[in-house]
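> below is the structure, and that's it, no one-letter string:
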């Protein structure tokens, strides 16, 4: 799986939008972009994934660059509960959704200030 | 609540001992994954089972083994334990569907293993 690069940490104020960047310059055409987060003392939690188009769900939005070499996870209004480590992960869709393990990097630690 | 359960929550044991960690996947999920999270190594994939068969192996030590039973629950066996095996062990499950289904992995709350 191709590598991703994320900032080690970011800070946000509560109720403000947060843009978490991820660079994946060696992404292949068959790689999905996945985001997971891990709240303190909990297991990782799926956030969102996409291939080429921007995606929205109840948790967040995923903006994917036209050349797919970078993406941004957008939390529209950060809450204290969003303080977590956010992981950007690439997964080759040819391996199938049920066949591919996740390769976690160090992620971005997001702090949210009240 | 992810729907994935893991027992026990905490386990304290001595070096050289053997322990078994148990995972029950979400209802209907055929794939089970085991991950280890330690302070120095981060989250690392250990092994995956799909409908009872081993599907993929990661950085799993020879002292560790796993299996998935016909009711789809899985067990991770850790033997000849060393101090460095102290970590959080997570189980995750995912569905079997193609396309957009099965992309998400659902993680359990983890088992914290302390080897003294």
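Looks like it arrived, so ask away. Worth saying up front: this structure is predicted, and the values here are computed from it rather than measured.
> what are the pairing partners of the strand or helix carrying residue A:90, and which direction each?
Residue A:90 belongs to strand A:84-92 when elements are defined using DSSP states H and E. Take DSSP bridges as the rule and strand A:84-92 pairs in its sheet with strand A:31-38 (antiparallel), strand A:108-113 (antiparallel).
> can you give me how far it is from the chain middle?
5 Å (CA atoms, centre = their mean, to the nearest Å).
> contacts for that strand?
Strand A:84-92 has contacts (CB atoms under 8 Å, 6 or more residues apart in numbering or on different chains) with A:1-4, A:6, A:20, A:22, A:24, A:27-28, A:30-40, A:44, A:47, A:49, A:71, A:73, A:100, A:102-105, A:107-110, B:43, B:103. The C-beta positions use only the backbone N, C-alpha and C, and glycine is treated the same way.
> give me the buried positions along that strand.
A:84-91 (16 or more other CB atoms under 10 Å in any protein chain shown).
> stretch B:106-116 too?
So, applying 16+ other CB under 10 Å, buried residues of stretch B:106-116: B:106-113, B:115.
> what about that stretch, average pLDDT?
In this model, stretch B:106-116 has an average pLDDT of 97.
> is chain A contacted by it?
Yes. Stretch B:106-116 is in contact with chain A by CB under 8 Å from any CB of the partner chain, via B:106-110.
> now, which of these sits nearest chain A?
Nearest to chain A out of these is residue B:107 (CB to the nearest CB; 3.3 Å).
> residues touching residue A:8, list them.
By CB under 8 Å, 6+ apart, the neighbours of residue A:8 are A:106, A:108-109.
> list the beta-bridge partners for residue A:45.
residue A:37.
> that older thread, now flag whichever of the buried residues of stretch B:106-116 is closest to residue B:84.
Closest approach between those and residue B:84, by CB to CB: residue B:115, at 7.9 Å.
> for that closest one, give me its contacts.
Counting by CB under 8 Å, 6+ apart, the residues that residue B:115 touches are B:13-15, B:17, B:81-86.
> is chain A within reach of stretch B:12-25?
No. Using CB under 8 Å from any CB, stretch B:12-25 never reaches chain A; the gap is at least 11.1 Å.
> so where is chain B shaky, pLDDT-wise?
B:96-102 (pLDDT under 70).
> middle-most residue in it, spatially?
For chain B, the residue nearest the mean C-alpha position is residue B:34 (2.8 Å; CA atoms, centre = their mean).
> do chain A as well
residue A:35 (3.0 Å).
> for residue B:87, see how far away it is.
According to CB to CB, to the nearest Å, residue A:35 stands 24 Å off from residue B:87.
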